[in-house]
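# Here's my sequence, what's the structure:
(one chain, ligands or ions: 1)
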Amino acid sequence: MTRTGDNRPPHAATTPSRAATAPSASGSVRPFRRLWIALWLSSLGHWLSVAALTAMAGVLTSGDDVASRAQAVGAVLVLMILPVVLLAPLAGPIASGLDRRLTMTVADSLRFALILSVPLVDALPWTLAAAFVVSCVTVLWIPVIGSSVPALAAAAHGDSHGDVRPGDARAAAHGDGDDDDQADVARRSARRAAYGSAPVAAALFAVLGLFADDLLGQDDRADLALYVTAVVFLAAAAAVSALRELPTTGPVSVPAPLKLIAQGLRPADARGLTVAVVVASLTASAVVSVAQVHARALGGGDAGYGSVLLGLSVGLAFGVFLGPRVLVPLSRRRLLGLAVIAAALVLIVVALVQNLVVAAFAAGFLGVAAGAAWSNGSALTGLGERAFAYLRSVALVTALIVCAAVPAVAALLGDRTLSFGDADYDLRSTNAALLIAAVLALVPGAVAFRWLDDRRGIPLVLDVAAAVRGETYTPREQAAEPAAAPVVRERGVFIAFEGGEGAGKTTQARLAAIWLRDHGYDVVSTQEPGATKIGMRLRAMLLDRDTTGLTSRAETLLYAADRADHVGNVIRPAMERGAIVVSDRYVDSSLAYQGFGREQSVSEIAKLNEWATGGLVPDLTVLLEVRPETGLGRLPSPADRIESEPEEFHERVRQGFRALAEAEPERYLVLDAGRPPAEITREIQYRIREILPDPIPAGTEDVTSTFPAITDA
Ligand code: TYD
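Numbering: from 1, shown residues only. Presented below is the predicted three-dimensional model:
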């Protein structure tokens, strides 16, 4: 299996918990540090070029004609986003055939020349053309850097251990354990550079706006920013050309945004998530699309424009970082819904205020809300790379449409003055366009909140107030209610827990069973292999390290035999009497271990197990994701026969589980086992509530009373 994660371009953000932990280990290796500097400079140049080219387009449009200025700025933004949406899928294959170091040097040199030419040519059409070509070059550059960063990190890491040559980088970057970790770490660090440079670029642009006045005179403000941008690209080119060798991970594919959107997202909450991401992107892009014209209308020049961009980008960074960390006891779905509504409400403030400083701060708050929405939204998709790429595409296409539409609406509306008795209010075209965008965002924001809300009936204010106190709100009458007699239904519910070694699923399966029992359900807690008498004998054969020479096929059949006995004697009878069955491992373990791990046909094993179980499929499978080296390190007792398999085996198992979950996302809840256990427990309880025929009332997630009592088996 190939790791889809390797294909994610460095511009793609990751869940903040991962991004935030980018280490410095890889930065300490010299070639990697050089590449990182080049990447940082290129990204800085990229963000600076967005600000400087839009500013230049504004300057080059005739005088005070707000309508044409807004449209010129919008056109630059559209021309810069368009290649990312349309050309990204072509870039991967093109980049794969090129020399990486040369391509990067040429790309940065080209961007240097193009940006430099803009103030020299000094014409709007050329500015627009340059913006488009600069962005095309950036699109080609993304997969090149995307494949070089992890490979170089892995090679450098191997060098420092004296066991991997740079030529082995491809294998190392796709490989396991330490090298894979290094590559992942490097990728996260690269992403931080790609996004972290945005606020720096905005600050630099604002400062240049202040000095441009004195240095070059009023009309040439954007010139200074463009010259500096050109120099930054030149420095990036120099940094890349200083690298002697640039190993790569081989072909890189960047998924096509439009195709991803057309294919859609399958989990049950896809529509709520999609609308939430649309709203978050809409609010942030609306601000960017008219910020240049708006800042000018409020009496600021490029320094003012830069301040609004700075407020927004710092806010976004904060929001992405804080999103998963604030109000932890509150349902993440509720928080996501709240965040997008907040972003839309703050956009109203940005639209109405007539003071640039206040507008810049408001843009910052909007950024926090939109960033928090983004990080919580992408976290809800589990760890699926496809789902992540889908959400990113939705955000991009929304930005494209907004950057075309909002300036056009502003141009259409024109400036006007509203009179309220004696008082006049200047409703500028940008005020009005932002206000319309805010109202348009508010409606779907509220819809997204409703669709995402998994605690209906629980008053939001009480829920948030409890979360602020660090608690989960529990309605009084439910808290006081004694456990009722077991609830009996015609057909039970089947929940399986899956994951690699040491993922903590045994603990979580037990906690889920206790929680359900506490709420009056008839729960059967079971596990594989070895839940029955025969099963225990099979288990001994399967896991005893003295069992040698067992063929993979025989192993598969023994697990299937255990499962057939388990289903026939334990699971089915329990289901028939309407109980909830919570099983620690089920069929997916055989698909992952005997299929992916032992490299046997997964479809044949699936058929065998379908026969063994009579086609019984869980209603929900909770997959706890853990890196083999982390999970195996957590195991308390001496390793059994399967645990003692090499790390490559366990990595294949991990990838297998992941592929199974990605193929059938509605049935899975994928959780990062590295998250705090109480958080994992709560997420599992939220999800289980959704599949119960007689749902446990919302607000009864309880982890504190049961959690400390249990340790992993
Ligand atoms: P167990 O001691 O139950 O540990 P764990 O907490 O990891 O579940 O061991 C079960 C082992 O059997 C585990 O290493 C995974 C393996 N296994 C398979 O290889 N195939 C299967 O179908 C099942 C159910 C388990």
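# How about the secondary structure of Arg675?
coil (DSSP: H, G, I helix; E, B strand; the rest coil).
# wait, Arg455
Arg455 ends up coil, using three-state DSSP.
# For it, report the pLDDT, please.
Note for Arg455: predicted pLDDT of 75.
# residue contacts, the nearest residue in space to Leu327 that is not next to it in sequence?
For Leu327, ignoring the flanking residues on the chain, the nearest one in space by Cβ to Cβ, 6 or more residues apart in numbering is Ala467 at 4.2 Å. For the C-beta atoms, the positions are set from N, CA and C on the backbone; glycine is no exception. Listed by Cβ atoms under 8 Å, 6 or more residues apart in numbering, the contact set of Ala467 reads 327-330, 473.
# ok, now how distant is Leu260 from the ligand?
33 Å (Cβ to the nearest ligand atom, to the nearest Å).
# how close does that residue sit to Ala433?
29 Å (Cβ to Cβ, to the nearest Å).
# which one of those two has more residues nearby?
Taking other Cβ atoms under 10 Å, Leu260 and Ala433 do not tie; Ala433 has more neighbours (26 against 20).
# For that one, give me its contacts.
Ala433 touches 70, 286, 290, 406-407, 409-410, 413, counting by Cβ under 8 Å, 6+ apart.
# so what's it closest to, chain neighbours aside?
Ala410 (3.8 Å).
# wait, doesn't that neighbour sit right on Asp65?
No - when contacts are counted by Cβ atoms under 8 Å, Ala410 is not listed as touching Asp65 (12.0 Å).
# Neighbour count for those two, which is higher?
Ala410 (31 against 12).
# Does that one belong to a helix, a strand or coil?
helix.
# Leu669 too?
Going by three-state DSSP: Leu669 is strand.
# All further residue positions should be reported with the first residue as 8.
Okay, residue one is now 8; in that scheme the one you just asked about reads as Leu676.
# Pull up the gap between it and the ligand, please.
On the measure of Cβ to the nearest ligand atom, Leu676 and the ligand end up 18 Å apart.
# do Ser590 as well
Counting by Cβ to the nearest ligand atom - Ser590 and the ligand are separated by 9 Å.
# what about that residue, how many residues close to it?
27.
# That one: what's it in contact with?
For Ser590, the contact set (Cβ under 8 Å, 6+ apart) comprises 501-504, 516, 533-535, 538, 573, 578, 625.
# hey, where'd the helices end up in the stretch 208-357 of the chain?
For the stretch 208-357 of the chain, applying DSSP state H, counting those that start in this stretch gives helices covering 228-248, 264-270, 277-304, 309-329, 339-359.
# what angle sits between the last one and helix 309-329?
Read it as helix 339-359. Counting by axes from the mean of the first three to the mean of the last three Cα atoms, to 10 degrees, helix 339-359 lies at 170 degrees to helix 309-329.
# Give me the angle between helix 339-359 and helix 277-304.
20 degrees.
# Next, the buried residues of helix 339-359.
Using 16 or more other Cβ atoms under 10 Å as the test for burial, helix 339-359 gives 339-359.
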